[in-house]
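>>> Could you work out the structure for the sequence below:
(one chain, ligands or ions: 1)
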Amino acid sequence: MMECTGTIFDLRRFCIHDGPGIRTTVFFQGCPLDCWWCHNPEGRSTSAETFPLGRAGDIATTSNQLSQSTFGRMVTVSEIIHEVMRDEPFYDQSRGGVTFSGGEPMAQIEFLDDLLDACTGVGLHCTIDTCGYTSFVDFERIRDRVDLFLFDLKLIDPAAHKYYTGVSNEIILANLAALAKLGCNIDVRLPLIPDITDTMENLEAVAAFLRPLCSIRRISLLPYNKLGEDKVERLHLLRRRLGLEPQSPEMLERLAAIFRDYGYEVRIGG
Ligand code: SF4
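Next comes the predicted model:
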């Protein structure tokens, strides 16, 4: 039988923010959302893409000698497992494992399904970092082999969610509620985008939405970082430049207190 293949745009070893312990994170190509602040814009397209490199105003830019870089490569399940298992001793010592991120790993469900089979076959702890925008049937298909879901929540107001991400949040919220009801192990992650997702109004609405989902007790607040904006410039992408500044430590503590007051275990950072 032909081995299942998928497209990834990166594989990073020794990650410590994508789940417990030391992990290898595999970044799947393709995402159904189009967040204004996307920090991995090179991974949004469903297929490999070539970008010119260099900042506007660079000598190379002005003389039309831009170098290029292609993101996205097709890989087999066994290639990924081979790469991931190189760090097996570190996973054992740190209780780490593998994280499938992106882009959106659920967008390549056949590949993900086969990868999870292979990972559980060798005893790896598996984490899925998801935006939640997919059919619940897909979550049901894989959930028995997922040790931890990192579930990203952005905005509760439906109109604002559609405006800033390009899609409705109806499916996302329903999927999160359904996974929680099934007792899956879930960490909710909130990317804090200044004046967009980090408002008191949005965070209070997130807390109100999560309160009935009793199995969810952990929340990570992801401070804004300018990585996405930097990439927009380097890759010459025709995307919005937000020009935002990261939250101060004092502000992050104030935002964390909203959730701590409701009894959540809150972590600042991934
Ligand atoms: S969900 Fe994540 S990968 Fe997808 S567009 Fe938004 S920030 Fe980018």
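>>> Close to the ligand: what parts of the stretch 51-200 of the chain are there?
102-104, 131 (CB under 6 Å from any ligand atom). Yep, even glycine has a C-beta here, placed from its N, CA and C like the rest.
>>> how about 8 Å then?
For the stretch 51-200 of the chain, the residues in contact with the ligand (CB under 8 Å from any ligand atom) are 102-104, 131, 133, 152, 154, 165, 191.
>>> contacting residues around the one residue in the stretch 51-200 of the chain that gets nearest to the ligand?
Using CB to the nearest ligand atom, Cys131 is the residue of the stretch 51-200 of the chain that sits closest to the ligand, at 3.8 Å. Shown in contact with Cys131 (CB atoms under 8 Å, 6 or more residues apart in numbering): 31-33, 104, 152, 172.
>>> got the end-to-end distance for stretch 24-43?
One end of stretch 24-43 to the other measures 17 Å (CA to CA, to the nearest Å).
>>> Now look at that stretch and say if it contacts the ligand.
Yes: Stretch 24-43 lies within reach of the ligand by CB under 8 Å from any ligand atom, at 31-35, 37-41, 43.
>>> Put together CSV for those, with neighbour count, distance to Leu176 and pLDDT on each row.
Output for the residues of stretch 24-43 next to the ligand, formatted as CSV (neighbours: other CB atoms under 10 Å; distance: CB to CB, whole Å; pLDDT from 0 to 100):
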residue, neighbour count, distance to Leu176, pLDDT
Cys31, 24, 17, 96
Pro32, 17, 16, 96
Leu33, 20, 15, 96
Asp34, 13, 20, 92
Cys35, 24, 17, 93
Trp37, 25, 20, 91
Cys38, 21, 20, 89
His39, 17, 21, 84
Asn40, 19, 21, 84
Pro41, 21, 25, 81
Gly43, 24, 22, 77
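>>> so where's the stretch 1-150 of the chain uncertain?
1, 48-49, 51-68 (pLDDT under 70).
>>> ok, which stretches of it are strands?
5-15, 23-28, 49-53, 67-71, 73-76, 97-102, 125-130, 148-152 (DSSP state E, counting those that start in this stretch).
>>> Turn those strands into a markdown table, including distance to Phe90 and mean neighbour count.
As requested, the strands of the stretch 1-150 of the chain are arranged in a markdown table below (distance: least, CB to CB, whole Å; neighbours: other CB atoms under 10 Å):
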| stretch | distance to Phe90 | mean neighbour count |
| --- | --- | --- |
| strand 5-15 | 7 | 18 |
| strand 23-28 | 9 | 24 |
| strand 49-53 | 32 | 15 |
| strand 67-71 | 26 | 13 |
| strand 73-76 | 21 | 15 |
| strand 97-102 | 10 | 27 |
| strand 125-130 | 12 | 24 |
| strand 148-152 | 18 | 22 |
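>>> what sits against Val75?
By CB under 8 Å, 6+ apart, the neighbours of Val75 are 5-8.
>>> Show me the helices in the stretch 101-250 of the chain, by range?
Assigned helices in the stretch 101-250 of the chain, in chain order: 109-121, 136-142, 158-165, 170-181, 200-210, 227-234, 249-260 (criterion: DSSP state H, counting those that start in this stretch).
>>> ok now the shortest one, how far from the chain's centre?
Helix 136-142 sits 18 Å away from the centroid of its parent chain (CA atoms, centre = their mean, to the nearest Å).
>>> from here on, count from 154
With 154 as the first residue, the last one maps to helix 289-295.
>>> List the buried residues in that helix.
291-292, 294-295 (16 or more other CB atoms under 10 Å).
>>> got it, and the longest one?
Of the residues in helix 262-274, 262, 264-269, 271-272 count as buried by neighbour count, 16+ other CB under 10 Å.
>>> swap in the fifth one?
The neighbour-count check on helix 353-363 (16+ other CB under 10 Å) flags 355-356, 359-360, 362-363 as buried.
>>> So which of those residues is the closest to Leu301?
Closest approach to Leu301 among the buried residues of helix 353-363 (CB to CB): Leu363, at 16.8 Å.
>>> Just give the closest residue to that closest one, not the sequence neighbours.
Distances taken as CB to CB, 6 or more residues apart in numbering place Ile369 nearest to Leu363, at 5.7 Å, with adjacent residues excluded.
>>> Can you get me a residue count around that neighbour?
Per other CB atoms under 10 Å, the neighbour tally for Ile369 reads 21.
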